[in-house]
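>>> Provided below are the primary sequence and the corresponding predicted coordinates.
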Amino acid sequence: MYDTIIIGAGMSGLAAGIRLAYFDQRVCILERHTTIGGLNSFYRLGGRDYDVGLHAVTNYVPKGTRRGPLARALKQLRFTRDDFALAPQIGSRIAFPGVHLDFGNGLELLESEVAAKFPHEVDNFRRLVARLIEYDDLDEESFQISARDVLNDTLSDPLLIEMILCPLMWYGNAREHDMDYGQFCIMFRSIFLEGFARPFAGVRLILKNLVRKFRALGGELKLRSGVERIHVEDGRAVGVVLDNGEELQGRRILSSAGLVETLRLCDDVTEPVESRAGRLSFCEAISVLDREPKALGYDRTILFFNDSEQFHWRKPDEQLCDVRTGVICSPNNYAYDPADGQLPDGVIRMTALADFDRWSNLPEDQYRLEKLRWYDRIVESAVRFVPDFRGHVVDTDMFTPHTIRRFTWHDNGAVYGAPEKRLDGTTHLQNVFLCGTDQGFVGIIGSIVSGISIANQHCLRD
């Protein structure tokens, strides 16, 4: 009998497991795959290491900062900053036709850019920041308010509204076109008030340290152990049945699988839940270069682009991908410690919105062909906003919504899960709780804090 069974060895599940193990709970983390991390994982192909999901760790703050999600995560899990070895970004950009806004870690650069590019809006922008700066992460009412409505009430320039929304939606919004104001506040703080960073060794360093600590505290991690169903008796979960038929008993269950996916596992849920799933998924084209991107004139850490004044944030209507908007990032463009040296390759990663159903319904031969075609189209779209690097590509890879589904098990390959979030982590069962994406905190630090918060709130009080 376990005190807590955790479904999924992503960031939130591992963080919850560590937190509970500190209090001598018997904890078992179950992972369907052969590796850990969920969307934020890594793989090796052709002798090269690739990160999946990680563009940047958000919520970065300078050393010595004692408040905020990063400080909280380190304190609750008893890590030091050196354990995550985060190097800050060099600088990022939002690019729309005829105008761009540069930003870094902290609000100063972005505010000065707004003052220069939208001088009539700078006072309104400051009022917006003042309104959200004290936002309570667990304020349920804010998740019932439209972010666009708030922005339209505060700012008068439609283009500035679209430019502010673009990176926040790209890095943490499960809804099409609009955004919950609560999610807007979380993402604004994590990206603009705090900022981006990355370990020199990539996401594997964070995952390695999380797993090492969990196991050192006596936690059990079972790979290749997918959950077929959650067994329910008299309104309570009593355990899980694995894909191989093995049964495990637990006093409570913490699931990072997602709201829809967790409900489907519960053997007392009989009504269809598919309609509640998210629809937004991505393709990502990865280009390995024969030199660093800076040598070609690209020195931004992350660039968010949109090719018209209206930001396009919805599932593609008629094609496999929508390349009108995207994200371009380079793991080379961080302020690493010189002692680390240089990354072995120059890399540029380009992300586009994609249609899960169209990709999943392709025959295998056509799927491989379309990956090649859409790699070219995504790169062609990206080089409108960055120096053309195509003559320096030595290797490529690409993942699709089909890949994301395989890594995360989310319906529709929905990167940010379902539009409906459960901030308190509760489900219809009194001892089954959600952590991770569908609890409402996203990104690596957000996911870690989600696991910690739900563990503290529901698993350490009885």
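That came in fine, so what should we check first? Numbering: from 1, shown residues only.
>>> So, low pLDDT: which residues of the stretch 51-200 of the chain?
137-138 (pLDDT under 70).
>>> what ranges do the strands span in it?
Assigned by DSSP state E, counting those that start in this stretch, the strands in the stretch 51-200 of the chain fall at 86-88, 92-96, 99-103, 197-199.
>>> what would these look like in TSV with mean neighbour count and distance to Arg291?
Backbone N, C-alpha and C define where each C-beta goes, glycine included. Shown next, in TSV, are those (neighbours: other CB atoms under 10 Å; distance: least, CB to CB, whole Å):
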stretch	mean neighbour count	distance to Arg291
strand 86-88	20	20
strand 92-96	23	21
strand 99-103	19	24
strand 197-199	25	20
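>>> didn't Ile7 look like it was pressed against Arg252?
No - between Ile7 and Arg252 there is no contact, the gap being 11.6 Å when judged by CB atoms under 8 Å.
>>> quick one on the thing from earlier: for the strands of the stretch 51-200 of the chain, give me TSV that also has distance to Ser360.
Output for the strands of the stretch 51-200 of the chain, formatted as TSV (distance: least, CB to CB, whole Å):
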stretch	distance to Ser360
strand 86-88	35
strand 92-96	31
strand 99-103	36
strand 197-199	31
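>>> ok, back up a step: neighbour count: Ile7 and Arg252, which is higher?
Counting neighbours by other CB atoms under 10 Å for Ile7 and for Arg252 shows that Ile7 has the greater number, 30 against 21.
>>> what residues are up against the spatially closest residue to the more buried one that is not a sequence neighbour?
Nearest residue to Ile7, sequence neighbours excluded (CB to CB, 6 or more residues apart in numbering): Ser255, at 4.3 Å. Shown in contact with Ser255 (CB atoms under 8 Å, 6 or more residues apart in numbering): Ile6, Ile7, Gly8, Ile230, Glu261, Thr262, Leu265, Val432, Phe433, Leu434, Cys435.
>>> 7 Å instead, please
Going by CB atoms under 7 Å, 6 or more residues apart in numbering, Ser255 touches Ile7, Gly8, Thr262, Val432, Leu434.
>>> Can you list phi and psi of the spatially closest residue to the second one that is not a sequence neighbour for me?
This points to Gly8. Distances taken as CB to CB, 6+ apart put Ser256 closest to Gly8, at 3.7 Å, once the chain neighbours are dropped. The phi/psi pair for Ser256 (degrees, to the nearest 10) reads phi -100, psi 10.
>>> ok, back up a step: out of the strands of the stretch 51-200 of the chain, the one nearest Ala174 is which?
Ranking those by proximity to Ala174 (CB to CB) places strand 92-96 first, at 20.7 Å.
>>> I figured the residue nearest to Gly8 was touching Ala15, is that so?
No - counting by CB atoms under 7 Å, no contact exists between Ser256 and Ala15, whose distance comes to 9.7 Å.
>>> of these two, who's got more company?
The residue with more neighbours, out of Ser256 and Ala15, is Ser256; 33 against 30, by other CB under 10 Å.
>>> residues contacting that one?
For Ser256, the contact set (CB under 7 Å, 6+ apart) comprises Ile7, Gly8, Gly10, Ser12, Gly13, Cys435, Gly436.
>>> Kindly report the same for His231.
Ala237, Val238, Gly239, Val240, Val241, Asp267.
>>> how many neighbours does the last one have?
Which is Asp267. By other CB under 10 Å, 14 other residues sit near Asp267.
>>> what do you get for the third one?
Applying the criterion other CB under 10 Å, we find 18 residues in the vicinity of Gly239.
>>> again, but for the second one
Val238 is surrounded by 16 other residues when neighbours are defined as other CB under 10 Å.
>>> what do you get for the first one?
Ala237 has 25 neighbouring residues, counting by other CB under 10 Å.
>>> Can you say which helix or strand has Leu205 in it?
helix 203-216 (DSSP states H and E).
>>> chain center to that helix: distance?
Centre-to-centre, helix 203-216 and its host chain are 18 Å apart (CA atoms, centre = their mean, to the nearest Å).
>>> So that it lines up with my notes, have the first residue be 26 from now on.
That works, and once the first residue is 26, the last one we named lands at helix 228-241.
>>> circling back to that earlier point, which one, of the strands of the stretch 76-225 of the chain, ends up nearest to Thr60?
strand 222-224 (17.5 Å).
>>> which residues in the stretch 26-175 of the chain form helices?
Remark: helices assigned in the stretch 26-175 of the chain by DSSP state H, counting those that start in this stretch are 36-46, 94-102, 106-109, 133-142, 147-157, 172-179.
>>> Mean neighbour count, those helices: which tops it?
Per residue and on average, the most neighbours among those fall to helix 36-46, with a mean of 29 (mean count of other CB atoms under 10 Å).
>>> neighbouring contacts of that helix?
Applying CB under 7 Å, 6+ apart, the contact partners of helix 36-46 are 29, 31, 52, 54, 65, 101-102, 235-236, 238-239, 242-244, 279, 281, 460-461, 469, 472-473, 475-477, 479-481, 484.
>>> pLDDT averaged over it - what is it?
For helix 36-46, the mean pLDDT works out to 97.
>>> domain ranges for this structure?
27-71+227-301+442-484, 117-219, 304-433 (automatic domain parsing).
>>> what's the closest of the strands of the stretch 76-225 of the chain to Gln335?
Using CB to CB, the strands of the stretch 76-225 of the chain put strand 117-121 closest to Gln335, at 9.6 Å.
>>> Report the strands that pair with the closest one, each with its relative direction.
strand 124-128 (antiparallel), strand 327-331 (parallel) (DSSP bridges).
>>> on contacts alone, who are the packing partners of the helix holding Leu230?
Contacts defined by 3 or more CB pairs under 7 Å, 6 or more residues apart in numbering; DSSP states H and E place helix 228-241 against helix 36-46, strand 66-70, strand 245-247.
>>> where do the helices sit along the stretch 376-487 of the chain?
381-385, 389-407, 426-433, 468-479.
>>> Tell me which of the strands paired with strand 117-121 sits nearest to Phe209.
Across the strands paired with strand 117-121, closest to Phe209 is strand 327-331 (CB to CB), at 15.2 Å.
>>> Now the closest one - C-alpha only, PDB.
Output of strand 327-331 as PDB, limited to C-alpha atoms (Å, rounded to 0.1, in the frame of the first residue of the first chain):
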ATOM      1  CA  ILE A 327      13.900  33.600 -28.600                       C
ATOM      2  CA  LEU A 328      11.900  35.400 -31.300                       C
ATOM      3  CA  PHE A 329       8.100  35.300 -31.400                       C
ATOM      4  CA  PHE A 330       6.800  36.400 -34.800                       C
ATOM      5  CA  ASN A 331       3.500  37.100 -36.500                       C
END
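>>> any residues touching it, and which ones?
80-81, 117-121, 191-192, 195, 221, 337, 349-354, 410-411.
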